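Asks: got a predicted model here, sequence first, then my questions.
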Amino acid sequence: MTHPPKGSAAPPGQATPTMPAVPPQSGPAAAPQGGATPAPDTTPERRTAWAEGVDRLRTAATTEPGRLRIIGAVLALLVVAFGTVTAWQMTERSTAADDVLHSSQPLSASAADIYRSLADANTAASSGFLAGGQETKASRDRYELDIRTAAAKLITAANSSDPGSPSAKTITELNKLLPEYKGLIERARANNRQGFPLGGAYLRYANEKMQQEMLPKAQDLYQRENQRLNADYADAKPYPWAAIGLGVLTIGGLVWAQRRNYRRTNRVLNQGMLAASAASAVVLLWLVVGHSVARAGLNESYDHGVRSLNVLHDAQIASLKARGNENLTLVSRGAETKTLDDGVTTLDLYDYEFGEDMKSLTKGLALAADLSNDDAGAKPVKAATANMKEWKVRHKAASQANEDGAYQDALDLVIGGNPKNPPTADCFDGVDKNLAIALTHEQNEFQQAAGDGLDAMTGLPVGAAILAVLAAAGALLGIGRRLSEYR
């Protein structure tokens, strides 16, 4: 066989042999021929779900059905938000109003009863001591009743206080001091029945424990419970502006959507949108009117209930302390003195404190008279004021007799014994009795007004939630009715 010469073409019909292809190199050692730049990566960058959602909304907004869907979703969201915020805010206010009526105010009254019971027990003990061996059964029973009342109220307050709180600590301290005080009183009585002068010292020591330790702690407990009461009022009375603002915005959005529908279709009514507007309007009206009525009731309960009760409690405590100091003036017989600021004048300590207590009582009764808003509340206050004025007159006569050395006459003018000279004890009993009547009346006034305020919010949180759901369904149905026209 002969081979064609180099450079000559292959004979017709015979294929030209080809060189086998060299496989391309791979890996980092491979480089493009002629130093060419590698082609850029043209893979599209992955987009976020948020960006894709925005694009879809933008695309949907270019068509009327898409715009209707967006409007329906926004309106439903507004209505649900309005109902949710309304239910939330009114639940908070209703809970606070319920605490005012059933928790904090009763606890505040219990704290005041603890103070009053302790002060009255101290007064009864000193009155019984002045009677000596002839202590009356009524005086002894009153003392025992006050001690039992104070102990029971302390238990109630302990069960209602938070463990480890300042109030719980104060209650624990009072529970510890109460038996110590009772022990001192019993020692005073035992010595007094036997005619030992040591009885007076025990009574003064018991009074000092009461005045300097127990009553200040009871006052602190009373003030703490009043602060809790004020905090509950502060939570219950503010207007729910967030819910009101959302309600106005929701109704505005519904009105705008219906006006838009009318301009595009000339149809005056859309039943679903109309139902949503009506439900939202009912919720907003119920919210504004209901809370306004509740707020008025709570304000009434505070102005003519809590304030009057606080003033009357203070007046009653002042009268109890005055009576106790009046008795101790005769018990001590000048053993305790007080030097005035001038550094020269010296007065009997208990007689001086009696005068200060009577100033507080006078001021408290005057303020209670100003706060009385009806005859039922004003009448006992006027009677107590008249008793107080007569008390001052009789006390002045008793003090004069004591200064003149007529101790028995002074004693008769204070605790009784001479039918010709009515004692100051009658005046004190009159003040105490009439203040108790006034307190009962004002407590009833508080409960009535606070109950009316709480009733005005009853059902509002649940009703707002239900109506909001109905309004949202109405808005969606109304929009759905329009969308069906494009199918």
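Replies: Nice, thanks for sending it over. Numbers count the residues shown, from 1 in each chain.
Asks: which elements pack onto the helix or strand containing Asn444?
Replies: Element membership for Asn444, per DSSP states H and E: helix 424-456. Helix 424-456 sits against helix 64-99, helix 105-130, helix 271-301, helix 307-332, helix 375-403, helix 407-415, with contacts defined as 3 or more C-beta pairs under 8 Å, 6 or more residues apart in numbering; DSSP states H and E. Glycine gets a C-beta too; all of them are placed from N, C-alpha and C.
Asks: if you set the cut-off to 10 Å instead, what comes out?
Replies: helix 64-99, helix 105-130, helix 215-236, helix 271-301, helix 307-332, helix 349-371, helix 375-403, helix 407-415 (3 or more C-beta pairs under 10 Å, 6 or more residues apart in numbering; DSSP states H and E).
Asks: same question for that helix, mean pLDDT?
Replies: Taken as a whole, helix 424-456 has an average pLDDT of 93.
Asks: measure how that helix sits relative to helix 215-236, angle-wise.
Replies: Computed with axes from the mean of the first three to the mean of the last three C-alpha atoms, to 10 degrees, the direction of helix 424-456 lies at 20 degrees from that of helix 215-236.
Asks: report the inter-axis angle for whichever helix or strand comes after helix 424-456 versus helix 271-301.
Replies: Next along the chain after helix 424-456, taking DSSP H and E as the criterion, comes helix 460-483. Interaxial angle, helix 460-483 versus helix 271-301 (the same axes, to 10 degrees): 160 degrees.
Asks: on that earlier part again, among the helices and strands packed on helix 424-456, which is nearest Asn434?
Replies: Asn434 lies closest, by C-beta to C-beta, to one member of these: helix 375-403, at 3.9 Å.
Asks: so what does that closest one touch, helix or strand wise?
Replies: By 3+ C-beta pairs under 10 Å, 6+ apart, helix 375-403 packs against helix 307-332, strand 346-348, helix 349-371, helix 407-415, helix 424-456.
Asks: again, 8 Å this time
Replies: Short answer (3+ C-beta pairs under 8 Å, 6+ apart): helix 375-403 packs on helix 307-332, helix 349-371, helix 407-415, helix 424-456.
Asks: following the chain past the first one, name the next helix or strand.
Replies: The C-terminal neighbour of helix 307-332 among helices and strands, as given by DSSP H and E, is strand 337-339.
Asks: returning to what we had before: turn the helices and strands packed on helix 375-403 into TSV, columns for mean neighbour count and distance to Leu215.
Replies: As requested, the helices and strands packed on helix 375-403 are exported to TSV (neighbours: other C-beta atoms under 10 Å; distance: least, C-beta to C-beta, whole Å):
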stretch	mean neighbour count	distance to Leu215
helix 307-332	25	8
helix 349-371	19	12
helix 407-415	19	22
helix 424-456	20	17
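Asks: make JSON lines from those and add distance to Thr136 to it.
Replies: As requested, the helices and strands packed on helix 375-403 are exported to JSON lines (distance: least, C-beta to C-beta, whole Å):
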{"stretch": "helix 307-332", "distance to Thr136": "14"}
{"stretch": "helix 349-371", "distance to Thr136": "22"}
{"stretch": "helix 407-415", "distance to Thr136": "9"}
{"stretch": "helix 424-456", "distance to Thr136": "11"}
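Asks: report the contact partners of the residue sitting nearest the centre point of the chain.
Replies: By C-alpha atoms, centre = their mean, the chain has its centre lying nearest to Asp232, at 1.3 Å. The contact partners of Asp232, by C-beta atoms under 8 Å, 6 or more residues apart in numbering, come to Ala96, Ala97, Asp99, Val100, Ser103, Ser104.
Asks: out of these, which comes closest to Asn373?
Replies: Val100 (19.5 Å).
Asks: ok, the closest residue to that closest one other than its chain neighbours to Thr136 distance?
Replies: Nearest-residue entry for Val100: Asp232, 4.7 Å, with adjacent residues in sequence omitted and distances by C-beta to C-beta, 6 or more residues apart in numbering. For Asp232, the distance to Thr136 equals 43 Å [C-beta to C-beta, to the nearest Å].
Asks: and Arg148, how many neighbours does it have?
Replies: 12 (other C-beta atoms under 10 Å).
Asks: that should have said Lys389, apologies.
Replies: Lys389, neighbours per other C-beta under 10 Å, totals 12.
Asks: what's the pLDDT at the nearest residue to Ser399 once chain neighbours are set aside?
Replies: Nearest non-adjacent residue to Ser399, counting by C-beta to C-beta, 6+ apart: Asp351, 6.5 Å away. We have a pLDDT of 87 for Asp351.
Asks: distance check, the residue nearest to Val100 against Ser301.
Replies: For Asp232 relative to Ser301 (C-beta to C-beta), the value is 11 Å.
Asks: list residues touching both of these two?
Replies: Val100.
Asks: circling back: and the gap between the residue nearest to Val100 and Val74?
Replies: From Asp232 to Val74 the distance is 38 Å (C-beta to C-beta).
Asks: before we move on, back to that, could you single out the nearest of the contacts of Asp232 to Ala464?
Replies: Out of the contacts of Asp232, the member with the shortest distance to Ala464 (by C-beta to C-beta) is Ala97, at 16.2 Å.
Asks: pLDDT weak spots in this protein?
Replies: 1-47, 49-62, 133-134, 266-268, 334-335, 344, 485-487 (pLDDT under 70).
Asks: quick one: stretch 99-108 to chain centroid distance?
Replies: On the basis of C-alpha atoms, centre = their mean, to the nearest Å, stretch 99-108 sits 9 Å off its chain's mean C-alpha point.
Asks: quick one: end-to-end length of that stretch, please.
Replies: 12 Å (C-alpha to C-alpha, to the nearest Å).
Asks: flag every buried residue along that stretch.
Replies: Buried residues in stretch 99-108, defined by neighbour count with 16 or more other C-beta atoms under 10 Å: Asp99, Val100, Leu101, Ser103, Ser104, Gln105, Pro106, Leu107, Ser108.
Asks: show me the contact partners of it.
Replies: In contact with stretch 99-108 (C-beta under 8 Å, 6+ apart) are residues 157, 160, 222, 225-226, 228-229, 231-233, 236, 298, 301, 306, 446-447, 450-451, 454.
Asks: and Ala168, which of the helices and strands packed on helix 424-456 is closest to it?
Replies: helix 215-236 (10.0 Å).
Asks: what comes up buried for the following helix or strand past the closest one?
Replies: Tracing the chain C-terminally past helix 215-236 and defining elements by DSSP H and E, one meets helix 241-265 next. For helix 241-265, the neighbour count (16+ other C-beta under 10 Å) marks Ala243, Ile244, Leu246, Gly247, Thr250, Ile251, Gly253, Leu254, Ala257, Gln258, Asn261 as buried.
Asks: show me what contacts the first one?
Replies: Right, the one you point to is Ala243. Counted by C-beta under 8 Å, 6+ apart, Ala243 has contacts Phe82, Val85, Thr86, Gln89, Met90, Leu287.
Asks: turn those into a markdown table, including distance to Ile185.
Replies: Below are the contacts of Ala243 laid out as a markdown table (distance: C-beta to C-beta, whole Å):
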| residue | distance to Ile185 |
| --- | --- |
| Phe82 | 64 |
| Val85 | 59 |
| Thr86 | 58 |
| Gln89 | 53 |
| Met90 | 52 |
| Leu287 | 58 |
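Asks: tell me the two of those that are most distant?
Replies: Phe82 and Met90 (12.1 Å).
Asks: comparing these two, which shows the higher neighbour count?
Replies: More neighbours surround Phe82 than the other of Phe82 and Met90, with 30 against 25 (other C-beta under 10 Å).
Asks: understood, closing this out.
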